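Asks: Sequence plus predicted model, see below.
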Amino acid sequence: MVERAEAKPTAVPARAGGLFLKLSGIPGDVKTALFKLEDKWIKINSSLTNFEHKVNRNYYDKATTNKTFLKIRDANATYLKIRDANFLSVGGEAANSQKLGGLTPDAFVQGRGGIVSGAVASITPAEQTLVGDGSVRVTVSSSSTPGAAAGFTLTLYNSTSGILPAVQLTDGQPSAVNLQPGRNQLLAITGAVHEVQFQLFPNQQAGFNNVVSILIGLEPSGAVGQMLIGLL
């Protein structure tokens, strides 16, 4: 009876034509009980068939689910877990947000200009370029005079075609200088430690439209220089 019910799940067939057991010769009460049992099997089979149709329409089978959704083990291997993530809170500020290339804002020039730096590890009698750009270059060399302590010589090369007015500050003592085109030997000083500054004025006729500040530090073990260039 079960096999017949499964073969025809959507309709209850009539009890005729050899589709069911022959019940002739079976007492009436047994026959009635068998009919009831048969009806129950047909109803159960029909209900299971309807349920199967609903499941197929509303749920994925295993193969489709595996193709459609990411598995937990694959997600764990691919994505960072929330407990392991280190997110910046709302309104928070990263520790290096005020830096560029690891440098703080005071390492940069604001506006139109630039900074050129240089150093000489050992000062020799031969001139060595300490700091400079395309228009102005400062060299340093060692100097000595008979009977005097060793000292330093600073030379500035003016690559423009005109005179560049400047103010020179040597160990706190200011003086005015006019830098001629070409080589200008600025000073020869003796002693162990010195600080020299130059402030160069623009000369539009010479094509020099910059304001240049040069700071130089001198000591027996070497020299350092830094040039701040402001563009007009």
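Replies: Ah, there it is.
Asks: could you dump stretch 196-216 to CSV, C-alpha only?
Replies: Extracted C-alpha coordinates of stretch 196-216, given in CSV (Å, rounded to 0.1, in the frame of the first residue of the first chain):
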residue,chain,number,x,y,z
VAL,A,196,78.2,82.7,10.7
GLN,A,197,75.0,83.9,9.1
PHE,A,198,74.2,85.6,5.7
GLN,A,199,71.1,87.3,4.6
LEU,A,200,71.0,87.9,0.9
PHE,A,201,68.7,90.5,-0.7
PRO,A,202,67.0,90.0,-4.1
ASN,A,203,68.3,91.8,-7.3
GLN,A,204,65.6,91.7,-10.0
GLN,A,205,68.0,93.1,-12.6
ALA,A,206,70.3,90.2,-12.1
GLY,A,207,67.4,87.8,-12.2
PHE,A,208,67.7,86.9,-8.5
ASN,A,209,64.2,87.2,-7.0
ASN,A,210,64.9,85.2,-3.8
VAL,A,211,65.5,86.0,-0.2
VAL,A,212,68.2,83.7,1.1
SER,A,213,69.3,83.0,4.6
ILE,A,214,72.4,81.0,5.2
LEU,A,215,73.4,79.6,8.6
ILE,A,216,76.9,78.1,9.1
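Asks: So F69 versus A77, what's the distance?
Replies: Counting by CB to CB, to the nearest Å, the separation of F69 from A77 is 15 Å. From N, CA and C alone the C-beta is placed, and that goes for glycine too.
Asks: Please say which of the two ends up with more neighbours.
Replies: Set F69 next to A77 and count neighbours by other CB atoms under 10 Å: F69 wins out with 11 against 8.
Asks: Can you list phi and psi of that one for me?
Replies: Reported as degrees, to the nearest 10, the phi and psi values for F69 are phi -110, psi 150.
Asks: And Q128, by the same measure?
Replies: Torsion angles, degrees, to the nearest 10, at Q128: phi -130, psi 130.
Asks: what do you get for S142?
Replies: The phi/psi pair for S142 (degrees, to the nearest 10) is phi -90, psi 150.
Asks: quick one, domains of this structure?
Replies: The chain resolves into domains spanning 2-68, 105-231 when parsed by automatic domain parsing.
Asks: Helix or strand with the lowest mean pLDDT in this protein?
Replies: Lowest on mean pLDDT, DSSP states H and E among the helices and strands of the chain sits helix 2-7, with a mean of 44.
Asks: next structured bit after it?
Replies: Where DSSP states H and E defines the elements, the next helix or strand beyond helix 2-7 is helix 28-58.
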